[in-house]
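[1] below are the sequence and a predicted model for it; my questions follow.
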Protein chains: 2
Amino acid sequence: MKSASSDTSVANVNGFVTSIAARIVDIARKDEYPAGFHLTEQSLVAALGVSRTPIRKALLLLEEIGAVESQPNRGFFMAKPAEKLQKLAAKLPAPQAEAEEDDYLRLADDRLRGAIAEEVSEVELMARYEMPRGQVLRLLNRMAKEGLVERKPGRGWQFLPILVTPAAHDQSYRFRMIIEPAGIMEPGFKPDPAALARCRREQMEMLDRGIAKWSPAELFRIGAGFHEVLIGFSGNRFLLEALRNQNRLRRILEYRGNLDRNSLIRQCEEHLKLIDLIEAGARKEAAAFLRDHLDVARDVKTTKERAHKRVSGLYNHF
Amino acid sequence: MKSASSDTSVANVNGFVTSIAARIVDIARKDEYPAGFHLTEQSLVAALGVSRTPIRKALLLLEEIGAVESQPNRGFFMAKPAEKLQKLAAKLPAPQAEAEEDDYLRLADDRLRGAIAEEVSEVELMARYEMPRGQVLRLLNRMAKEGLVERKPGRGWQFLPILVTPAAHDQSYRFRMIIEPAGIMEPGFKPDPAALARCRREQMEMLDRGIAKWSPAELFRIGAGFHEVLIGFSGNRFLLEALRNQNRLRRILEYRGNLDRNSLIRQCEEHLKLIDLIEAGARKEAAAFLRDHLDVARDVKTTKERAHKRVSGLYNHF
DNA sequence: AAAAGCTTTAACTCGAAATAAAATACAATC
DNA sequence: GATTGTATTTTATTTCGAGTTAAAGCTTTT
């Protein structure tokens, strides 16, 4: 699984450094750094919350792929304007965050397919995925955080039936139908015009050409992100946290890509309508509209799920 | 910290076995086993979900404190009727669950007092609590699950400001004001008469003599449990899970015992009124009443918190 | 003075070995 | 045949040492 080559120093950096490099690219693109812009290490320390050591390594990595250039004793500078960084970034090896994400989805997937039993031991997972115990524990703890699995008394871990039954899916939407409109009606609700504008741009881009081109994971991220921005306006961290939890759960089932393009178009249009309502200050209407928006999605998902189950017999092991 | 004596075999069992013993006592009391009742190992395996090994050790432990008696090749039998087990159970050493709970509260407490910085390393905690890394990681992961702390990029853990600011407290109540009444109005809402009757008994007992006698932790448990039973009637696991999360968070701040007896009396009375409304099928009224009930509590907490802060200067390090 | 360059320190990860203990399999007894 | 008593196997925890690397400190350059 792991590359044995160490000819180039690109292969010599770890996933953490690579993820820092990816984040530096993100910052450069977001803030639209011009060619020749001086990337000081200190500013990146402040922006990324890590020490200079990995930042320096990340910059060296970026130099190797031609994204930045260094001058002795003067530091690193943008080699090209930020817009042109997109395809260079593709040369970066997989950052740590992505690798962990893959492991996470693989485990969830194996469980959903029934390849892993409801009860599992740590050694079993260590053997199956050829991982050290530490990584397995991190995976399991993350899943535990999201309510997918829990430690058994004695030993072993137990997967919970969450989300795999159609009823759970229904409950997830019902839950969101409660918290999301309520978020809009909170006394502290205060929309951020800039964030709203960004959402509008995203949704329009998605409607324009994204739906056909973007990956299911990307589409899901945008859609879920919109709802999170919205509930974030409530100023209540628990509402936001609760929705994040739901989205993390749903992602596991929905990243596989059985997305209906038509529903996505309607979804985008409704999101845009919602933005209009909020910008106009029509909170009550927005809340009601959001509720309906979710109710429709719930209904579609539930009936589709039922049909799917009837036909394929998937999930029968639950 | 740990007892070095191993004269008696009671001191030789681990916390896991002790917790099994405690659970066996619970079962015996709940099902009202008479003296002489045969406790078969197989039935306890089914009831507790662990293997015979720890159950057997737990029974030996219970024999030592005189709760059960053994006959060669015939197994274990109740030494006394279940009602008389209460004070014998006090002889049991602290079970694992309690020990972990203590560690958890100690860590939370140390953090709230400012004895631990916002950022902390694993080795620091290992040294401070004289624990192996594994236990520290388990503690931290549990706190991470509840949103109290998170892993920093690079290394170290970061405590989040959750719940320590008055605003967070306010948000917690606002969150509950959203989900709890909504739970009552859910289409799947279906109260369980038996559970409701049990709640009524508990609340009346508390009103009767509990408030003066019971420990703050006990009082909190009863109060929080009532709300959890209620939201459980909704049939939506996410509502229940969200409330449980809130209660776990609140407990950290409220177990210390600065409970106002007068508010507790009113709280109980309102809980009883709520039970009446639900038994009468008046869901709409119950939901509205519950919302007010929480709003009052929120208001009391928030103003008290503010006053407290003004006077003591506690929490200033945040 | 601020930033880059370089060195040192300290925290974490991993693997191996020893230990503990839960799960399981098997034998003996009622 | 079901249940207890005992032995074996499997899984998890702990400790220790080696290796890695992020963080922090110090020096040099601009």
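    Yep, that arrived. Numbers count the residues shown, from 1 in each chain, chains lettered A, B, ... in the order given.

[2] ok, and what's touching stretch A:15-33?
    Applying C-beta atoms under 8 Å, 6 or more residues apart in numbering or on different chains, the contact partners of stretch A:15-33 are A:37, A:39, A:44, A:47-48, A:50, A:54-55, A:57-59, A:61-62, A:67, A:78, A:81-83, A:85-86, A:89, A:92-99, B:153-154. Any C-beta I mention is one placed from the backbone N, CA and C, and that applies to glycine too.

[3] and the residues you listed, which are buried?
    For the contacts of stretch A:15-33, a neighbour count by 16 or more other C-beta atoms under 10 Å in any protein chain shown gives the buried set as A:37, A:39, A:44, A:48, A:50, A:54-55, A:57-59, A:61-62, A:67, A:78, A:82, A:85, A:89, A:92-93, A:95-96, B:153.

[4] so which of the residues you listed sit within helices?
    A:Leu44, A:Leu48, A:Pro54, A:Ile55, A:Lys57, A:Ala58, A:Leu59, A:Leu61, A:Leu62, A:Leu85, A:Ala89, A:Gln96 (DSSP state H).

[5] my understanding was that the fifth one contacts A:Val13; is that so?
    Yes: with contact defined as C-beta atoms under 8 Å, A:Lys57 reaches A:Val13; the gap is 5.7 Å.

[6] what about A:Ile116, which SS state?
    Here A:Ile116 is coil, with the state taken from DSSP: H, G, I helix; E, B strand; the rest coil.

[7] equivalent analysis for A:Glu69, please.
    strand.

[8] residue contacts, it?
    Contacts of A:Glu69 by C-beta under 8 Å, 6+ apart are A:Glu63, A:Phe76, A:Phe77, A:Met78, A:Ala79.

[9] where does the stretch 151-300 of chain A get nearest to DNA strand D, residue-wise?
    The stretch 151-300 of chain A approaches DNA strand D most closely through A:Arg155 (3.4 Å), counting by C-beta to the nearest atom of the strand.

[10] doesn't that residue lie inside a strand?
    No: secondary structure of A:Arg155 (three-state DSSP): coil, not part of a strand.

[11] for the helix or strand where A:Arg111 lies, list every residue counted as buried.
    Using DSSP states H and E, A:Arg111 sits in helix A:96-112. Within helix A:96-112, the residues scored as buried using 16+ other C-beta under 10 Å are A:Gln96, A:Glu100, A:Asp103, A:Tyr104, A:Leu107, A:Ala108, A:Arg111, A:Leu112.

[12] and the average pLDDT for it is what?
    Taken as a whole, helix A:96-112 has a mean pLDDT of 91.

[13] now what about that helix, what contacts it?
    A:14-16, A:18-19, A:94, A:116, A:125, A:128-129, A:131, A:135, A:138-139, A:142-143, A:148, A:159, A:164, A:252-253, A:255, A:315.

[14] could you list which of the residues you listed also contact DNA strand C?
    Restricting these to those touching DNA strand C (C-beta under 7 Å from any atom of the strand) yields A:Gln135.

[15] quick one, which of the contacts of helix A:96-112 are buried?
    So, by 16+ other C-beta under 10 Å, the buried ones in the contacts of helix A:96-112 are A:16, A:18-19, A:116, A:125, A:129, A:131, A:135, A:138-139, A:142-143, A:148, A:159, A:164, A:252-253, A:255, A:315.

[16] any stretches of the stretch 101-250 of chain A with poor pLDDT?
    Within the stretch 101-250 of chain A, the ranges that satisfy pLDDT under 70 run A:163.

[17] which residue ranges form the strands in it?
    Secondary structure of the stretch 101-250 of chain A (DSSP state E, counting those that start in this stretch): strands at A:119-120, A:149-151, A:157-159.

[18] which other helices and strands contact the last one?
    For strand A:157-159, the elements it packs on are strand A:119-120, strand A:149-151, judged by 3 or more C-beta pairs under 8 Å, 6 or more residues apart in numbering or on different chains; DSSP states H and E.

[19] want to throw the ones you listed into JSON lines with mean neighbour count and distance to chain B?
    Converted to JSON lines, the helices and strands packed on strand A:157-159 look like this (neighbours: other C-beta atoms under 10 Å in any protein chain shown; distance: least, C-beta to the nearest C-beta, whole Å):
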{"stretch": "strand A:119-120", "mean neighbour count": "17", "distance to chain B": "10"}
{"stretch": "strand A:149-151", "mean neighbour count": "17", "distance to chain B": "9"}
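
[20] figure out which of those strands is closest to A:Ala194.
    With C-beta to C-beta as the measure, strand A:149-151 is the member of the helices and strands packed on strand A:157-159 nearest A:Ala194 (38.6 Å).

[21] turn the strands of the stretch 101-250 of chain A into CSV, columns for distance to DNA strand D.
    Shown next, in CSV, are those (distance: least, C-beta to the nearest atom of the strand, whole Å):
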stretch, distance to DNA strand D
strand A:119-120, 8
strand A:149-151, 8
strand A:157-159, 7
